[in-house]
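# Here is my input; please provide its structure:
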Amino acid sequence: MSGFRPSESDRCTGPVDLRQWRAPPLLTEAVILSTCNRVEVYGIIHDETALIEEAIIHFLAKYHNLAPDRFARALTFCYDEMAVEHLFETTAGLQSLVIGEAQIQGQVRKAFLLAQRVRSVGPILSRMFSRALTTGKRVRRETSLGAGAASVSQASIELAERRLGDLEGRKVLLVGSGKMSELAAQNLLAHGATDLIVINRTYERACELASRYAAAAYPFEALQDVLNEADIVISSTSAPHTVITAEHIATALGHRAHRGPTDHTIGASEMLLIDLAVPRDIDEQVAQVAGAHLYTIDDLQEVVGDTMARRGSEVACARTIVQQEVDEFNAWLRTQQVLPVLSSWRQHAEEMRDAELQRAMRRLSELSPEQQHIVEALSRSLVNKLLHMPTLRAKHAAAAGDGERYAEMLRDLWDM
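Model (predicted):
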């Protein structure tokens, strides 16, 4: 069994699609996990590890149109129990850039389902990925590894909920249409916000982002108008200067003063502003405007830092769960190694049973069909009972790591 992953410093770019994978004969099962920051191939091999490594390198080189020497040294190959442990830790969120992030579990599931659909998995990888997904669920259910905001985007939504309570019905203005705004939109929808507005200097890009999240889009010239209606402003442009001034906010809050109080934490004449940009999008003087509550990326980094510190204390608990699941899977995997010997042994015993039964039947020709059936059933029952306990012992020995010695004993005793 092998898996590999590019090093952090030199990753291949772009996703790898299993549908374009042409597994060499050396690889009998395969799953490819491809995300924005990892490419991992999991496969079942029986020998010739050097050949399979070379085949994988050339496959990636051809897929990405890169020379092998551009990335070959950056690849890491893991075998057997190391590969199993890596997959289980990855699915549990312990190998992510943000420890405990939940997205990886869905990505592993998607990779597994694709492999099933194209029939590139067999019994071993099917069980391995199923147990890895179960492990990820256990870690999320039994620990707090995924709790709290682990990114500034998540932290901004958590902050908004603390200040406003339920986000449903709140008007949220996203200034900018880059990655940070997209993550904010995803998190806002996940937390119940439905009234989103996107504004950007390039109107077409605002429309593109808005269309993906059922939001409204406006050109940048409408900034003051949309500020007049917004309860929450999340800004993350790449502008080299501030784009929202104290005058903007004072005008907006003055325009809304007539709306009266609400049942929420922040009243109609107040506004929550979150500045995710570096350099800042929102003039720091906005904090001096009555009713304006301004938070910067530095404030949010503190929230993220607190979360990661709490998650750090949960890592040990998560690793304990992962190790339990890895040990159970490896024990199961070791039992698979003796199954061919046990199958040959049972076939050998069955051939002996059948030969002796036929010899006896020739001497007992006067038996009725019913009596012959009873004798045959007796012979099968005796063989099954004689083989049952040695079979269990062989599987237990294999699970404990002693299966090969036990299998060799069976070969010698039965001359197989």
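
# any idea how far residue 225 is from residue 156?
Distance of residue 156 to residue 225, given as Cβ to Cβ, to the nearest Å: 23 Å. All C-beta atoms are positioned from the backbone trio N, CA, C, and that covers glycine.

# neighbour-wise, which of the two wins?
residue 156 (28 against 12; other Cβ atoms under 10 Å).

# what helix or strand is the more buried one on?
Here residue 156, judged by DSSP states H and E, is contained in helix 152-164.

# One more: residue 347?
Residue 347 belongs to helix 297-363 when assigned by DSSP H and E.

# what's the angle from that helix to helix 152-164?
Computed with axes from the mean of the first three to the mean of the last three Cα atoms, to 10 degrees, the direction of helix 297-363 lies at 110 degrees from that of helix 152-164.

# immediately after helix 297-363, which helix or strand?
The first helix or strand that comes after helix 297-363 along the chain, using DSSP H and E, is helix 369-399.

# In stretch 131-142, which residues are buried?
131, 132, 133, 135, 136, 138, 139, 140 (16 or more other Cβ atoms under 10 Å).

# Please name the residues that touch the residue nearest to the fourth one when sequence neighbours are not counted.
Once its chain neighbours are removed from consideration, residue 135 has its nearest residue in residue 325; the separation is 4.2 Å (Cβ to Cβ, 6 or more residues apart in numbering). Taking Cβ atoms under 8 Å, 6 or more residues apart in numbering as the criterion, residue 325 is in contact with 88, 131, 132, 134, 135, 138.

# rerun at 6 Å
For residue 325, the set of contacting residues under the criterion of Cβ atoms under 6 Å, 6 or more residues apart in numbering consists of 88, 131, 135.

# now do residue 170
Listed by Cβ under 6 Å, 6+ apart, the contact partners of residue 170 are 231, 232.

# again, but for residue 87
Contact partners of residue 87, counting by Cβ under 6 Å, 6+ apart, are residue 132.

# how much space between it and residue 74?
Applying Cβ to Cβ, one obtains 20 Å for the distance of residue 87 from residue 74.

# name the element residue 198 belongs to?
Using DSSP H and E, residue 198 falls in strand 195-200.

# what comes into contact with the very next helix or strand once past that strand?
Counting by DSSP H and E, the element after strand 195-200 in chain order, helix or strand, is helix 203-212. By Cβ under 6 Å, 6+ apart, the surrounding residues in contact with helix 203-212 are 177, 198, 199, 200, 217, 219.

# State the phi and psi torsions of residue 42.
Phi and psi for residue 42, reported as degrees, to the nearest 10, are phi -110, psi 130.

# shouldn't it be in contact with residue 31?
Yes - using Cβ atoms under 6 Å, residue 42 is in contact with residue 31, at 4.6 Å.

# before we move on, the earlier item: tabulate the contacts of residue 325 in CSV, adding columns for secondary structure, pLDDT and distance to residue 122.
Supplementary listing: the contacts of residue 325 in CSV, determined by DSSP: H, G, I helix; E, B strand; the rest coil; pLDDT from 0 to 100; distance: Cβ to Cβ, whole Å:
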residue, secondary structure, pLDDT, distance to residue 122
88, helix, 97, 19
131, helix, 97, 15
135, helix, 97, 20
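
# now, which of those sits nearest residue 340?
For residue 340, the closest of those turns out to be residue 131, at 22.3 Å, with distances computed as Cβ to Cβ.

# I'd like to know how far the residue located most distally from the centre of the chain sits from residue 224.
Among residues of the chain, the one most distant from the C-alpha centroid is residue 366; the distance is 67.6 Å, by Cα atoms, centre = their mean. The gap separating residue 366 from residue 224 is 108 Å, by Cβ to Cβ.

# Next: residue 56.
56 Å.

# more neighbours, these two?
Neighbours per residue, other Cβ under 10 Å: of residue 56 and residue 224, the larger number sits with residue 56, 23 against 13.

# where's that one, which helix or strand?
Under DSSP H and E, the secondary-structure element containing residue 56 is helix 49-64.

# Check which helices and strands that helix sits against.
Helices and strands in packing contact with helix 49-64 are not found; criterion 3 or more Cβ pairs under 6 Å, 6 or more residues apart in numbering; DSSP states H and E.

# Take that helix, keep the C-alpha atoms, and write them as PDB.
What follows is the C-alpha trace of helix 49-64 in PDB, where atoms were taken according to Å, rounded to 0.1, in the frame of the first residue of the first chain:
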ATOM      1  CA  THR A  49       8.000  -0.200  -5.200                       C
ATOM      2  CA  ALA A  50      10.600   1.500  -7.300                       C
ATOM      3  CA  LEU A  51       8.700   0.900 -10.400                       C
ATOM      4  CA  ILE A  52       5.400   2.200  -9.000                       C
ATOM      5  CA  GLU A  53       7.200   5.300  -7.700                       C
ATOM      6  CA  GLU A  54       8.600   6.000 -11.200                       C
ATOM      7  CA  ALA A  55       5.200   5.300 -12.800                       C
ATOM      8  CA  ILE A  56       3.400   7.800 -10.500                       C
ATOM      9  CA  ILE A  57       6.100  10.500 -11.100                       C
ATOM     10  CA  HIS A  58       5.700  10.100 -14.800                       C
ATOM     11  CA  PHE A  59       1.900  10.200 -14.600                       C
ATOM     12  CA  LEU A  60       2.000  13.500 -12.700                       C
ATOM     13  CA  ALA A  61       4.600  14.900 -15.000                       C
ATOM     14  CA  LYS A  62       2.400  14.100 -18.000                       C
ATOM     15  CA  TYR A  63      -0.800  15.300 -16.400                       C
ATOM     16  CA  HIS A  64       0.700  18.700 -15.400                       C
END
